[in-house]
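Asks: sequence first, predicted model second:
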Amino acid sequence: MDMQKFKPTKVVFPVLFAVAGLFGCSQEEDFVSADNLGQSAVSAATDGSVATNVTFRGRHYIVQSTAEKLPAGLENQIRNANGKVTSLLSQAGVATVYSEDPNFITKASKISGVRSVVRDINVQWLKPEDQKVVELEDYGTPPASGDNDRYFDLQWGHAAIKASEAWNAGYRGQGVRVAVLDTGFDTDHADLAPNIDMSASKSFVTGEGLTYALSGVGSHGTHTAGTIAAADNGIGTIGVAPEAKLILVKVLRDSGSGAFSWIMEGIVHATQQGADVINMSIGAAIPRNGKFLDDNDTPDDPTDDFIVSDTKAVQELLNALSRVTKYATKNGVTVIASAGNEANNGNTDKSLVHLPSGAGSVISISATAPMGWALNPATTFMDNLSSYSNYGISDVTFAAPGGDYIYPGNEIATIGGIRQYVYVFDYVFSTGSNLDPTKASYYWSVGTSMAAPHAAGVAALIVGANGGQMAPALVLARMRATADDLGSPGRDPLYGYGRLNAFRAVTAN
């Protein structure tokens with residue numbers, strides 16, 4: 001890290017007040033809200049018995065084979081069943097298909113070697129409409145670290161996981177490739193651009209490119225990417241693994257919605273592009289009873305929406321995603337996902353399955369946070385389980401900094417030259433997008449979406465310390481052996497195997 005000093009400069013940047021949420025409804029494309037449901041669906045949707053953040057996707061299907069690989073000649077057989085293959089995830093035994101034939105499922109299910117045919121789903125994975133932006137003015141340079149990256153001293157999460165100690169030991173993610181599956185990205189951001197591999201980056205979202213394009217300040221994808229690998233370049237923030245390369249993969253619309261199949265395609269793409277780590281700060285709690293809204297192939301006419309119950313669909317979607325994540329793991333990719341923000345106790349509530357964190361071979365991350373960190377950064381406990389974080393023995397593998405918003409006071413504090421409410425400093429600070437390529441943007445946010453990239457950064461440091469390649473099972477073992485065991489001894493429902501410790505992860509024998 002450089003130790004130069006900057007002259008005071010006036011900079012305006014936002015503060016994001018919202019959990020990076022998982023639930024919610026959008027009225028775009030195939031999504032419906034309680035306000036525009038058909039009458040038959042209103043009561044079920046409003047009483048919580050139906051997942052209104054999920055709809056079956058009209059005319060789109062996911063086909064799985066009985067074996068891990070797709071049967072030979074499947075495309076021709078799908079065509080004979082009046083379908084068109086839109087993507088072949090051959091090594092995972094999964095294909096996505098478009099068909100206008102209302103009997104396609106029946107016809108395709110008869111193909112030899114086919115295990116199942118289910119409707120694809122659209123999900124509101126994130127809830128950007130909850131974001132509230134507040135501007136402030138910065139006249140200072142962070143005094144505590146002496147680093148010339150202007151906002152490094154706001155990144156308490158790095159202190160919690162001892163990231164700078166890992167850097168001082170010589171480990172900064174060199175030679176590691178991290179894929180970020182998320183919404184759009186600010187590819188021109190001064191902190192990200194040096195580390196982005198644009199040739200490997202791609203959007204799978206119909207009608208939207210890789211770049212974040214919503215007005216206002218934000219970009220969930222940019223925020224998570226910056227936590228992982230913002231360059232140590234003397235400008236703004238620093239990623240946990242500042243010398244790792246980023247593969248940016250857009251699998252959600254900038255509005256936070258997206259097809260289930262896009263995520264699977266993104267995982268396969270990242271694997272084929274040589275990713276060592278995949279981060280998915282996305283998620284949705286899917287009802288195991290399979291009660292969803294059906295768009296009935298006419299999303300422009302919400303009056304015909306109705307409720308369907310398809311338990312098999314949930315089972316098969318989970319199985320398909322698990323095949324794809326296991327494919328990635330078999331090919332050397334450590335897969336990490338956020339545990340979810342519903343404050344759900346997975347030990348007692350078995351009605352939901354959280355995806356993608358609940359898929360096979362995925363490392364699931366719960367969120368931790370301080371309370372009033374700005375009042376005493378040196379001694380404040382930073383490892384409370386965040387108030388919104390999901391938890392449960394089988395639901396959490398590790399914990400990492402995600403921030404929280406529950407500090408009760410309205411005091412004002414100054415950290416690194418930034419004067420702000422104390423509770424704001426308990427959020428996670430990272431890169432954002434304001435659609436102006438000449439001005440780097442930053443904001444605070446909260447969620448397990450913010451915890452997962454801290455974990456992905458630690459995984460990148462581990463792989464880099466191993467020379468740039470490492471089997472996922474060994475990465476997991478190293479994370480497990482070096483995490484700080486904060487809860488009950490061993491794996492516990494709050495922290496899993498513990499809150500990750502970057503320094504111990506790269507230096508322990």
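Replies: Arrived safely. Fair warning: this is a prediction, and the values are worked out from it, not measured in the lab. Residues are numbered from 1 along each chain as shown.
Asks: per-domain residue ranges of the chain.
Replies: The chain resolves into domains spanning 12-18+128-504, 34-124 when parsed by automatic domain parsing.
Asks: among the ones you listed, show me which one is buried the most.
Replies: Using mean count of other CB atoms under 10 Å, the stretch among these with the largest mean neighbour count is domain 12-18+128-504, at a mean of 22. The way it works is simple: take the backbone N, C-alpha and C, and place the C-beta from them, glycine included.
Asks: can you redo the domains of the chain as CSV with mean pLDDT?
Replies: Output for these, formatted as CSV (pLDDT from 0 to 100):
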stretch, mean pLDDT
domain 12-18+128-504, 89
domain 34-124, 83
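Asks: distance of the residue of the chain most remote from its centre from Ile111?
Replies: Largest separation from the mean C-alpha position in the chain: Asn80, at 37.7 Å (CA atoms, centre = their mean). Between Asn80 and Ile111 the distance is 9 Å, computed by CB to CB, to the nearest Å.
Asks: strands paired with the longest strand along the chain, and their directions?
Replies: Of all segments of type strand in the chain, defined using DSSP state E, the longest is strand 51-65. Take DSSP bridges as the rule and strand 51-65 pairs in its sheet with strand 94-98 (antiparallel), strand 114-124 (antiparallel), strand 291-294 (parallel).
Asks: wait, which of those strands is closest to Ser386?
Replies: strand 114-124 (21.2 Å; CB to CB).
Asks: quick revisit: closest to Glu342 out of the strands paired with strand 51-65?
Replies: Among the strands paired with strand 51-65, strand 114-124 sits nearest to Glu342 (CB to CB), with 13.6 Å.
Asks: quick one: residues contacting Leu74.
Replies: Val63, Ser65, Val85, Leu88, Ala95, Ile111, Gly113, Val114 (CB atoms under 8 Å, 6 or more residues apart in numbering).
Asks: quickly list what the second one is bridged to.
Replies: For Ser65, the beta-bridge assignment (DSSP bridges) gives partners Val114.
Asks: so it is in contact with Gly113, correct?
Replies: Yes. Ser65 is within contact range of Gly113, at 5.3 Å (criterion: CB atoms under 8 Å).
Asks: quick check: neighbours shared by the two?
Replies: Pro71, Leu74.
Asks: for the helix ranked longest in the chain, packing partners?
Replies: The longest helix of the chain (DSSP state H) is helix 311-330. Using 3 or more CB pairs under 8 Å, 6 or more residues apart in numbering; DSSP states H and E, the elements in contact with helix 311-330 are strand 51-65, strand 94-98, strand 114-124, helix 260-272, strand 284-287, strand 334-338, strand 352-355.
Asks: next SSE downstream of the last one?
Replies: Next helix or strand after strand 352-355 toward the C-terminus (DSSP states H and E): strand 362-369.
Asks: from the chain's centre, how far out does the helix or strand following that next one sit?
Replies: Later in the chain than strand 362-369, the nearest helix or strand by DSSP H and E is strand 384-385. Its chain's average C-alpha position is 20 Å from that of strand 384-385, according to CA atoms, centre = their mean, to the nearest Å.
Asks: what's the separation between the spatially closest residue to Leu70 that is not a sequence neighbour and Met280?
Replies: Spatial nearest neighbour of Leu70, excluding adjacent residues (CB to CB, 6 or more residues apart in numbering): Ser90 at 5.0 Å. Going from Ser90 to Met280 by CB to CB gives 22 Å.
Asks: kindly export stretch 472-490 (C-alpha atoms) in CSV.
Replies: Presented in CSV, the C-alpha positions along stretch 472-490 are these (Å, rounded to 0.1, in the frame of the first residue of the first chain):
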residue,chain,number,x,y,z
PRO,A,472,-11.8,-26.5,-3.8
ALA,A,473,-11.8,-29.2,-1.2
LEU,A,474,-8.4,-28.0,0.0
VAL,A,475,-9.6,-24.4,-0.1
LEU,A,476,-12.5,-25.3,2.1
ALA,A,477,-10.3,-27.3,4.5
ARG,A,478,-8.0,-24.3,4.8
MET,A,479,-10.8,-21.9,5.5
ARG,A,480,-12.3,-24.3,8.0
ALA,A,481,-8.9,-24.9,9.8
THR,A,482,-8.1,-21.2,10.1
ALA,A,483,-11.5,-19.5,10.8
ASP,A,484,-12.1,-17.9,14.2
ASP,A,485,-14.5,-20.2,16.0
LEU,A,486,-16.8,-17.7,17.6
GLY,A,487,-19.9,-19.7,18.4
SER,A,488,-20.3,-23.0,20.0
PRO,A,489,-17.2,-25.2,19.4
GLY,A,490,-17.2,-26.7,15.9
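Asks: please compute how far that stretch lies from its chain's middle.
Replies: Distance of stretch 472-490 from its chain centroid, counting by CA atoms, centre = their mean, is 21 Å.
Asks: repeat for stretch 495-507
Replies: 20 Å.
Asks: and what of stretch 194-201?
Replies: With CA atoms, centre = their mean, you get 19 Å for stretch 194-201.
Asks: go on, stretch 197-205?
Replies: Using CA atoms, centre = their mean, the offset of stretch 197-205 from its chain centre is 16 Å.
Asks: list the contacts of that stretch.
Replies: For stretch 197-205, contacts defined as CB under 8 Å, 6+ apart pick out 177, 184-185, 187, 209-210, 245-253, 258, 262, 265-266, 269, 273-274.
Asks: if we use 6 Å, what do you get?
Replies: Residues outside stretch 197-205 that contact it (CB atoms under 6 Å, 6 or more residues apart in numbering) are 209-210, 245, 247-251, 253, 262, 265-266, 269, 273.
Asks: nearest to Ser364, out of the strands paired with strand 51-65?
Replies: strand 114-124 (17.5 Å).
Asks: out of the strands paired with strand 51-65, flag the one nearest Ile406.
Replies: strand 114-124 (24.5 Å).
Asks: contacts for the closest one next, please.
Replies: So strand 114-124 is contacted by 24-26, 30, 53-57, 60-66, 105, 108-109, 256-257, 259-261, 284, 313, 316 (CB under 6 Å, 6+ apart).
Asks: SS state for Ile228?
Replies: Using DSSP: H, G, I helix; E, B strand; the rest coil, the structure places Ile228 in helix.
Asks: quick one: contacts for it?
Replies: Counting by CB under 6 Å, 6+ apart, Ile228 has contacts Val178, Gly239, Pro453, Ala456, Gly457.
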